[in-house]
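In: Curious how this folds, go ahead:
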Amino acid sequence: MGLPEVHDEKPGVPVSIERVGVTGVKMPIGFVYFEDKPVLVVPSFSAYINLPATRKGIHASRNYEIITEVLEEFAGKTYKLENVCGEIAEELLKRHEYATRSEVKAVGEAIVEKLTPKTGMVTYEPCTIIAYAKSRKSSRGSVKTRKMVGVRVGGITACPCAQEMLRESFSKRLGLPENLKKVFEEIPWATHMQRAYGLIVTEVPEGFKIDASKLVWIVERSMSAPNYGLLKRSDEVEIVEKAVSNPRFVEDCVRFMMKYFAESFPELPDSITVRFKQRSAETIHKHDFVAERKTTLGEIRKELGLKKT
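Out: Predicted structure coming up:
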């Protein structure tokens, strides 16, 4: 006689729960596509299902087992992290027959080889890759899965406001004639700069592929300048000059992300949802600044006057 299944009993308080599962499951297996190259990532998974009011609990070990079994299928292969999440989400609904919704999230750090901007030295730069999948089972038993992929990348923002006020202050102090003011405008004026982080998470519709490296390019290009782990002095000069020549608020960064995303993916449908976020770790303030927008690609195209090709 086996042990009683406590999970199958009726709960003391018969109400449903939206998400129950495991989080922080790390699996050192496989590669993801990045710039059409295999990059090793150790993702951390979270896997959830919904729990009806008639059950005391879920069979939690099944969630861990499913993650392990699905990843074994991808062992030694190069894969899309969002597709792995999608397979796990669908398998969760097969194993937990009482559940109608599942959700899987994977977050991992990819180390990408880059070259410094001036000296061309090899440097290894981290970026965070994020993937989601949400599955829903209909009353007839069919399952529909929605997948998302995203990146979080560091960079630099330079403040336009302080720079403009500094330029104006020096111009008045020196009493420059009009013909010299144009020369003044060409000077790389100082301003306060901060380490900043940009995020894009986009829905991946069925039949389409999104390269995470293109998302990284969009985020980095939307800031004042990229940053690097390794820089020689000539590289530092290049980065600082680029940043102060391209000052941007966090609001600017989010707007440029939306613009570059719409221009970079003309083939994607209007209906997909995309999230954009920029956070600036301020230097002269004791607080940070954040800008964010979640919208559809169609809304972005409409506001920018772009058409889907």
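In: Doesn't Phe45 belong to a strand?
Out: Yes: with DSSP: H, G, I helix; E, B strand; the rest coil as the criterion, Phe45 is part of a strand.
In: Now do the same contact list for the residue nearest to it when sequence neighbours are not counted.
Out: Nearest residue to Phe45, sequence neighbours excluded (C-beta to C-beta, 6 or more residues apart in numbering): Val25, at 4.5 Å. No exception for glycine: its C-beta is placed from N, CA and C like everyone else's. Val25 makes contact with 44-47, 64, 67, according to C-beta atoms under 8 Å, 6 or more residues apart in numbering.
In: Name the nearest of those relative to Cys159.
Out: Ser44 (34.4 Å; C-beta to C-beta).
In: give the contact list for that closest one.
Out: With C-beta under 8 Å, 6+ apart, Ser44 has these contacts: 24-26, 106-108.
In: For Asp235, give its distance to Lys118.
Out: Distance, Asp235 to Lys118, using C-beta to C-beta, to the nearest Å: 5 Å.
In: Look at these two and report which has more neighbours.
Out: Asp235 (19 against 15; other C-beta atoms under 10 Å).
In: For Gly290, give me phi and psi.
Out: If you look again at residue 290, you'll see it is Val, not Gly. phi -140, psi 140 (degrees, to the nearest 10).
In: Mind listing the residues bridging to it?
Out: Beta bridges link Val290 to Arg279 when assigned by DSSP bridges.
In: Do you know the pLDDT at it?
Out: Looking at Val290, its pLDDT stands at 95.
In: What of the one 10 residues further on?
Out: Note on Ile300: pLDDT of 97.
In: what about it, how many residues close to it?
Out: 21.
In: Nearest the geometric middle of the protein, what residue?
Out: Val151 (2.8 Å; C-alpha atoms, centre = their mean).
In: could you measure the residue nearest to Phe45 against Asp211, distance?
Out: Counting by C-beta to C-beta, the gap from Val25 to Asp211 is 26 Å.
In: Now the helix or strand where the residue nearest to Phe45 lies - C-alpha only, PDB.
Out: Taking DSSP states H and E as the criterion, Val25 maps to strand 17-26. Provided in PDB are the C-alpha atoms of strand 17-26 (Å, rounded to 0.1, in the frame of the first residue of the first chain):
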ATOM      1  CA  ILE A  17      -4.300  30.000  -6.700                       C
ATOM      2  CA  GLU A  18      -3.000  31.700  -9.800                       C
ATOM      3  CA  ARG A  19       0.600  30.500  -9.800                       C
ATOM      4  CA  VAL A  20       2.300  27.600  -7.900                       C
ATOM      5  CA  GLY A  21       5.700  26.100  -8.800                       C
ATOM      6  CA  VAL A  22       9.400  26.200  -8.500                       C
ATOM      7  CA  THR A  23      11.900  29.000  -9.000                       C
ATOM      8  CA  GLY A  24      15.700  29.300  -9.200                       C
ATOM      9  CA  VAL A  25      16.300  26.000 -10.900                       C
ATOM     10  CA  LYS A  26      19.700  26.300 -12.600                       C
END
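In: strand partners of it, parallel vs antiparallel please.
Out: By DSSP bridges, strand 17-26 pairs with strand 44-51 (antiparallel).
In: Can you name the next helix or strand after the partner strand?
Out: Counting by DSSP H and E, what follows strand 44-51 is helix 60-73.
In: What helices and strands are in contact with the helix or strand following that next one?
Out: Per DSSP H and E, helix 60-73 leads on to strand 78-79 as the next helix or strand towards the C-terminus. Where contact means 3 or more C-beta pairs under 8 Å, 6 or more residues apart in numbering; DSSP states H and E, strand 78-79 is packed against strand 31-34.
In: The strand it packs on: what's the following helix or strand?
Out: strand 37-40.
In: which other residues reach stretch 84-94?
Out: Residues from elsewhere that reach stretch 84-94 (C-beta under 8 Å, 6+ apart): 30, 45, 47, 49, 62-63, 66-67, 69-71, 73-74, 99-106, 131-135, 137, 143, 145, 147.
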